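Q: Return atomic coordinates for the entry below.
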Amino acid sequence: MAVEGRKGRALSALVLSGGVIGGLLISPVGAHVGDTLPHLRQHLDNFFLTDVEGDAAYLGKTQKAADSNLLDGLDSSQFVQGTGGKADDADLLDALDSTAFLRTTGKAADADKLDNLDSSAFLTTAGKAADANLLDGSDSTAFQARIHWAYIEADGTISAQSGGITVQDSAGAGDYYLHFPTTVAGKGITATMTFESGANEILANACGAGTLGIACALGTNTTSDLYVKTLEDDSAGASAGADSAFYIAVFS
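A: Numbering: from 1, shown residues only. Prediction:
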């Protein structure tokens with residue numbers, strides 16, 4: 001009867017030398033071989049593994065386990081998984097020291113964008129806004145608008161002004177037709193004689209007709225036009241037009 005593998009070798013050794021296994025007495029060669037081999041085979045099946053069975057049940061000392069209870073004597077709780085795991089702390093991140101990164105609450109010395117907007121979308125602290133809803137926390141209605149003013153010579157030339165004022169006509173004696181960069185209708189108007197004046201009376205009114213305007217004979221006759229008349233009294237007390245220097249101002 002042939003017995004293969006380690007079981008066969010073990011059986012041969014026992015039969016040749018004699019021994020006890022599983023409570024059976026194995027005698028020297030030739031003693032009760034026919035009676036004991038079936039019993040020995042049964043015991044070998046219980047106490048020994050074939051090569052195939054041993055390879056499936058045990059790991060070779062040079063092989064790698066698919067899983068283990070410890071790694072270098074440490075429990076798995078001492079390690080971070082390579083995929084999906086996050087360390088509580090680390091010495092480097094992508095091979096960079098912590099000084100190479102900005103904290104979540106830190107402020108960058110410079111950045112390419114702010115809230116995904118380029119710097120051109122913002123006004124610098126020293127810049128001036130083209131327009132704003134408030135000025136020092138107050139609405140525009142809380143402020144006096146710009147005053148438009150001019151100094152008009154007797155010949156109709158402008159010696160000084162706030163800007164944008166022109167004399168459209170001054171041909172008549174004491175007649176001055178002025179144009180302003182904004183409407184003058186319904187605005188405060190003041191006209192003042194100067195010490196150089198040859199006249200002693202001055203009148204002013206907005207053009208463009210309407211409730212507060214008059215129809216001006218010369219100039220463009222719009223609500224941005226203003227008519228000024230300077231007069232001088234003769235010895236009899238009659239008034240007549242006379243060229244004279246004056247100040248004019250419109251409170252927008």
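
Q: Could you double-check that residue 203 sits in contact with residue 241?
A: No: here residue 203 does not reach residue 241: they are 10.3 Å apart, not a contact under Cβ atoms under 8 Å. No exception for glycine: its C-beta is placed from N, CA and C like everyone else's.

Q: Can you pull the residues that touch both of those two?
A: Common neighbours of residue 203 and residue 241 (criterion: Cβ atoms under 8 Å, 6 or more residues apart in numbering): 229, 231.

Q: So for the two, which residue has more residues nearby?
A: Set residue 203 next to residue 241 and count neighbours by other Cβ atoms under 10 Å: residue 241 wins out with 15 against 11.

Q: List phi and psi for that one.
A: Phi and psi for residue 241, reported as degrees, to the nearest 10, are phi -60, psi 140.

Q: mind checking pLDDT for the residue lying closest to it once chain neighbours are set aside?
A: With sequence-adjacent residues excluded and distances taken as Cβ to Cβ, 6 or more residues apart in numbering, residue 241 is closest to residue 174, at 3.2 Å. As predicted, residue 174 sits at a pLDDT of 94.

Q: and if you look at residue 19?
A: With respect to pLDDT, residue 19 scores 51.

Q: and if you look at residue 26?
A: 49.

Q: Give me the neighbour count for the residue nearest to residue 241.
A: For residue 174, the neighbour count with other Cβ under 10 Å is 22.

Q: which sections of the stretch 151-252 of the chain are below the confidence cut-off?
A: Low-confidence segments of the stretch 151-252 of the chain (pLDDT under 70): 197-198.

Q: at 80 instead, please
A: 196-199, 234-238, 252 (pLDDT under 80).

Q: so residue 120 sits in a helix?
A: Yes: counting by DSSP: H, G, I helix; E, B strand; the rest coil, residue 120 falls inside a helix.

Q: ok, so what distance separates it from residue 146?
A: Taking Cβ to Cβ, to the nearest Å as the measure, residue 120 falls 30 Å from residue 146.

Q: which of those two has more neighbours?
A: Using other Cβ under 10 Å, the more surrounded residue of residue 120 and residue 146 is residue 146, with 13 against 5.

Q: can I assume that one is in contact with residue 162?
A: Yes: with contact defined as Cβ under 8 Å, residue 146 reaches residue 162; the gap is 7.2 Å.

Q: What residue, apart from its backbone neighbours, is nearest residue 234 spatially?
A: Distances taken as Cβ to Cβ, 6+ apart place residue 240 nearest to residue 234, at 6.6 Å, with adjacent residues excluded.
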